[in-house]
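**Student:** pasted the sequence and its predicted model underneath.
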Amino acid sequence: MNAPLLEADAQSSPTVREIIVEGNQRIEAGTIRSYLLIQEGDPFELRRIDQSLKSLFATGLFADVSIDHQSDALLVNVVENPLINRIAFEGNKRLEDDFLKSEITLKPRVVFTQSKIQNDVKRILDVYRVNGRFGATVDPKVIQLPQNRADLVFEIDEGPLTSVSSIRFIGNKVFDDDDLRGVIQTREKAWYNFLTSNDTYDSDRIEFDRELLRRFYLSEGYADFRVDAANAEMAADRSAFFITFNVTEGKQYKFSKPNINIGVRDLKVSQLSPFVEFEEGDVYDNRLVAKSVREITNKIGKLGFPFVDVRPKIKRDIVRQEILVTIEVRDGPRVFVERIDIIGNVRTMDSVIRREFKLVEGDAFNSSKMRRSRQRINDLDFFNKVVLKREQGSTPDKTIVKVEVEEKSTGSLNLGLGYSTDSGPLVDVTLRERNLLGKGQSLSLSTTLAAEKSSINLSVTEPFFQNRDIAAGFDIFHVARNLQGTRSYNTANTGFGLRAGYPLSELLRQSWSYRLDHSEIKDVASTASQLIKTQEGDRLLSQVGHILSFDARDSRITPTDGFAARLNNDLAGFGGDVFYLRNVVSAAQFYPLAPGWVLSASGKAGHILGLGEDVEIADRFFLGGNNLRGFASAGVGPRDKSTKDSLGGEWIYHGGIELTMPLGLPDEFGINGRLFTDVGSLFTVSPSSSNVIDSANPRASVGGGIGWVSPFGPINVDLGWAFLKEDLDETEVFRLNFGTRF
C-alpha cells in the first residue's frame, strides 16, 4: 500500500533546478557538488539531503556544512577547515621536535580537524608514557592565519619521570622477592640505574617479565607455575608505580628415566644417549630438554642423516611429581635448500655472508649446519643481529633459508686516554676498519704513546685471499719500550710480518707466518746484571712461525661453552742473527653453569731452545701481570741476586681457573665479576750462574675482579694475592687497565 504513495510523493516533489555553493575558498564548487547525493534534475528529498550532509562532513574538509533550498535551488553553505601552515612543539626537552613530528599524523599543508588533533594529542601522551612520563600533559593551540590557514602548537608539560617505586610478589614461597626481582627486566628505582630505563613503567616489558618468570620456574622444575596477574598501580601524583605479581608456584618436578625412541634405520640409541643432558632424579629443567634435542640433532647430522626429525614428548605424572621425556627420532621429509635469501646487508656484500654458510643451494637441508652457519656469521662481528629462518619453497620438498642481518659500525677512529699497570698513563690513536668496502677485509693503523711504551702498527688482513678460504695479511710495526723498572734496559723493535691461515676441517685451522724484526737492546743501566750487559746492541731476527689451532667453542667473541687448543712453533734463523726453536701449547675449556655464569680453565706451557747459541733475554718468556695475577709484570722467574733484574726463562707454564658471574645489575650496564686462581712458574737461564736465582717451584695466587664495558671504554680491575711465592718474586695486589674512547 505504501509503495504507490511514496511514488506519488516523489512525483509531486519539486525538482532541483540549480545547486549553489557558497563559503568555499580553496575547494572548487564542482568538487563539493561531487560529494552530494542529490544532483540537478533530482527531486527534493530530505533523505538524500541528509545523506549529502553526512557525505560532506565525512570528507574532513569542512568545519561546518548547511543545505537549504530556495525555490527550486539547493543552497550549500560550507566552512572549510583550515590548512596547517606550521606545526610546533613547546615545553618538550626530553623528546626532540623531529621525533615528535614523526609520531603524529598531522603535517603542514594538510587539512586538520579537531578529531585529528585529539588523536595526535593521545599519540604524544602515549609516546611520553612509553618513555616513563605518565604525568605529561599536552594542550593543543590553534593560531588562525589569513587565507584560512593556521599554525598548530602543542604545548607540552613533560612532568616528572614516573619510576617503579616497588616490585612485590604474592604467592611465592620457594623463592623470595629479591630472587624474583633478579629474574625480571623491570627494576626498582635506584641511584645506580642512571644508565638504563628499566626502572620506568612499560606495559610491554611487564608482559615480557611474566614470560621470564615462567621460564625461570620451568628451569627450576616448577612445571605448573603460572602468573595469575600482574598489576600496576600509579601513585596519586603520577610520580611512581607500584607493581605486584600474583603467582602460583605449584610443586617441583623431577625427571624420570629418559627415553630415546628411534625410528630411523641404522641409527642406534647408544650413539645418541651420551647427548642427553639430564638423568633420572634430576630436577626438571626445560632448558636441558632443549639442549638435548639440539645436541642429538647435531650428532645425527654429523653421522650423515640429513632427513631426520627430532622432537621431545613430555608426559607429566602429577602424583609422583615426575616428568617423562621421550625423545622421538623419526625419518623427516626430504627437504633441499632451494635458495638462500639475504636481507638487511646494506653495506656488507652477499658473498661475505654466503662464504660463512655450511649450506649452499641444492644441499640437503641440515638444521645442525644452519645453526653452525648462524654462529659463523655472528663471529664475523659485523652485525648487531643475525636471524636465520626457514620458509616454504616452490615445492613441498624445497625450503628457502632467509638471512636477516642488521649492520653495525665496523669502522672506528679512536682517540684514547688511559692507564695500564704495565705501561703507565697512555694515549693511543687507532684507525680501524674490520669490514673494508663491505668485503670483510680488515685494516688497522694504531699508535700508542705511554710512559713506558710507544708503538705504531699497520695491519691488513684479507680473510678470503684469491676467493679461497685462506686468511692472508701483513703487519708493519715499530715498538719502543722502557724496561728500566724491571730489567734495567730499553728496547726498540722495527720490522714486518707476513701470515696466512686456512682450515684443515671445521674446527681445525693451520697458519704460517714470517717475521723480520730488527731489534736493539740499549740504554742498559750501569747497575744492570752482567747477563744483560753482554746482550746490549743490535740484532736481526728472521723467523718462520706455525700455528695449529682447534676451536670448538660456542663463540670466538664471548665463549661460554666448549674447548679450544693451540700449538705455536717458531723457528728463527734463515739469514738472521738469532737462532732458536720455540714451542708453546695452550688450551682452554669453558663450562656454562647458569645464565651469565661461566667457569673456565686454561693453561699454557712453552719452551725455547737455542740452536748453537744461548737464548737472548729478548726472546725468553716472562711471567707475571696479566698472565699470573697477584704478581707484578715480569715479577716471577730467574733473577739476578745483586741487581734484582728479571732475566726471563726458557721454560714456562701457567694456568688458572676463573668463574665469571653477573653482579645483579642490568645487562646493559656491561658489568660482570670474576673470581680466579692462577698458578705458574718460569725457570732456566743459560748459561747458569751462581749469581742467578732460578727456581722451578710453582707460584700461585687467588683473587677477584670486575670488568666494565663502560661508555668511556673498557675498565678492568683485579685484586690478587700471591700465596705461593719465592723470596725475590715481586707481587702486585691491585691491577688496573683503563681506557676511554671519544
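**Tutor:** Sure, I can see it. What you are looking at is a predicted structure, and each value in this text was computed from that prediction instead of being measured.
**Student:** all helices for the chain, in order.
**Tutor:** Per DSSP state H, the chain carries helices over the ranges 2-12, 29-35, 46-58, 97-103, 114-130, 177-181, 203-219, 269-272, 286-302, 350-354, 367-379, 530-533.
**Student:** report the mean confidence score over the last one.
**Tutor:** So that's helix 530-533. Here the mean pLDDT over helix 530-533 is 68, rounded to a whole number.
**Student:** quick one: low-confidence parts of the stretch 151-300 of the chain?
**Tutor:** Scanning the stretch 151-300 of the chain for pLDDT under 70 picks out the ranges 192-197.
**Student:** revised request: answer the last question for the stretch 351-500 of the chain.
**Tutor:** 412-428, 450-451, 485-487.
**Student:** let me see the ranges of the strands in it.
**Tutor:** Using DSSP state E, counting those that start in this stretch, the strands of the stretch 351-500 of the chain run over residues 383-392, 398-407, 411-420, 424-436, 441-450, 453-462, 471-482, 490-503.
**Student:** in a markdown table, list those strands along with mean neighbour count and distance to Ser351.
**Tutor:** No exception for glycine: its C-beta is placed from N, CA and C like everyone else's. Below are these laid out as a markdown table (neighbours: other CB atoms under 10 Å; distance: least, CB to CB, whole Å):
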| stretch | mean neighbour count | distance to Ser351 |
| --- | --- | --- |
| strand 383-392 | 14 | 15 |
| strand 398-407 | 18 | 13 |
| strand 411-420 | 15 | 20 |
| strand 424-436 | 16 | 13 |
| strand 441-450 | 17 | 12 |
| strand 453-462 | 17 | 13 |
| strand 471-482 | 17 | 15 |
| strand 490-503 | 16 | 18 |
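**Student:** do you know which of those strands lies nearest Arg109?
**Tutor:** strand 398-407 (34.7 Å; CB to CB).
**Student:** and the contacts of that closest one?
**Tutor:** Strand 398-407 has contacts (CB atoms under 8 Å, 6 or more residues apart in numbering) with 335-348, 353, 359, 365, 370, 377, 382-393.
**Student:** returning to what we had before: okay, the helices of the chain in TSV with distance to Phe225 next?
**Tutor:** As requested, the helices of the chain are exported to TSV (distance: least, CB to CB, whole Å):
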stretch	distance to Phe225
helix 2-12	67
helix 29-35	59
helix 46-58	52
helix 97-103	38
helix 114-130	29
helix 177-181	11
helix 203-219	4
helix 269-272	30
helix 286-302	11
helix 350-354	40
helix 367-379	29
helix 530-533	68
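**Student:** against Leu324, how distant is the spatially closest residue to Glu295 that is not a sequence neighbour?
**Tutor:** Closest residue to Glu295 apart from its sequence neighbours, by CB to CB, 6 or more residues apart in numbering: Phe275 at 4.0 Å. The span separating Phe275 from Leu324 equals 18 Å under the rule CB to CB, to the nearest Å.
**Student:** again, but for Glu279
**Tutor:** On the measure of CB to CB, Glu279 and Leu324 end up 13 Å apart.
**Student:** can you give me the strands in the stretch 601-742 of the chain?
**Tutor:** With strands called from DSSP E, counting those that start in this stretch, the stretch 601-742 of the chain shows them at 639-640, 651-662, 671-683, 692-693, 699-710, 713-724, 734-741.
**Student:** looking at those, which is buried most?
**Tutor:** Highest mean neighbour count of the strands of the stretch 601-742 of the chain: strand 639-640, a mean of 25 (counted as mean count of other CB atoms under 10 Å).
**Student:** go through the helices of the chain and name the closest to Gly473.
**Tutor:** Shortest separation from Gly473 across the helices of the chain is recorded for helix 350-354, at 16.3 Å, computed as CB to CB.
**Student:** for that closest one, report the contacting residues that lie outside it.
**Tutor:** Applying CB under 8 Å, 6+ apart, the contact partners of helix 350-354 are 340, 342, 345, 360, 377, 380, 382, 403, 405, 435, 438-440.
**Student:** farthest pair in those?
**Tutor:** Within the contacts of helix 350-354, two members stand farthest from each other by CB to CB: Val360 and Asn435, at 22.5 Å.
**Student:** now Arg238: closest residue in space, sequence neighbours ignored.
**Tutor:** Gly135 (3.8 Å).
**Student:** neighbours around the one you found, how many?
**Tutor:** For Gly135, the number of neighbouring residues by other CB atoms under 10 Å comes to 17.
**Student:** list the residues that contact it.
**Tutor:** By CB under 8 Å, 6+ apart, the contact list for Gly135 reads 159-160, 162, 237-239.
**Student:** number of residues surrounding Pro274?
**Tutor:** 10.
**Student:** go on, the one 5 residues further on?
**Tutor:** When neighbours are counted by other CB under 10 Å, Glu279 registers 10.
**Student:** let me see the contact set for it.
**Tutor:** Going by CB under 8 Å, 6+ apart, Glu279 touches 255, 258.
**Student:** how much space separates it from Ile262?
**Tutor:** If you measure Glu279 against Ile262 using CB to CB, the figure is 19 Å.
**Student:** what's the answer for Gly576, then?
**Tutor:** Noted for Gly576: a distance of 61 Å to Ile262, by CB to CB.
**Student:** ok, the residue nearest to Val183 when sequence neighbours are not counted to Val325 distance?
**Tutor:** For Val183, the nearest residue in space outside its immediate sequence neighbours is Phe216; the separation is 4.6 Å by CB to CB, 6+ apart. The gap separating Phe216 from Val325 is 20 Å, by CB to CB.
**Student:** looking at those two, which has the bigger crowd around it?
**Tutor:** In this view Phe216 and Val325 are compared by other CB under 10 Å, and Val325 has more residues nearby, 22 against 18.
**Student:** so which bits of stretch 619-627 are buried?
**Tutor:** Neighbour-count burial for stretch 619-627, counted by 16 or more other CB atoms under 10 Å, picks out 619-625, 627.
**Student:** equivalent analysis for stretch 300-320, please.
**Tutor:** Applying a neighbour-count criterion of 16+ other CB under 10 Å, one finds 300-301, 305-308, 310 buried in stretch 300-320.
**Student:** tell me the two of those that are most distant?
**Tutor:** Pairwise distances across the buried residues of stretch 300-320 (CB to CB) peak at 12.5 Å, for the pair Pro306 and Val310.
**Student:** which ones are touching the residue nearest the centre of the chain?
**Tutor:** Taking CA atoms, centre = their mean as the criterion, Asn384 is the residue nearest the geometric centre of the chain, at 6.0 Å. Taking CB under 8 Å, 6+ apart as the criterion, Asn384 is in contact with 406-408.
**Student:** run the last query once more with 6 Å
**Tutor:** Asn384 is in contact with 406, 408, counting by CB atoms under 6 Å, 6 or more residues apart in numbering.
**Student:** the one 3 residues further on now?
**Tutor:** Contacts of Val387 were listed using CB under 6 Å, 6+ apart, and they are Glu404.
**Student:** how about 10 Å then?
**Tutor:** With contact taken as CB atoms under 10 Å, 6 or more residues apart in numbering, Val387 is in contact with 343-344, 374, 402-406.
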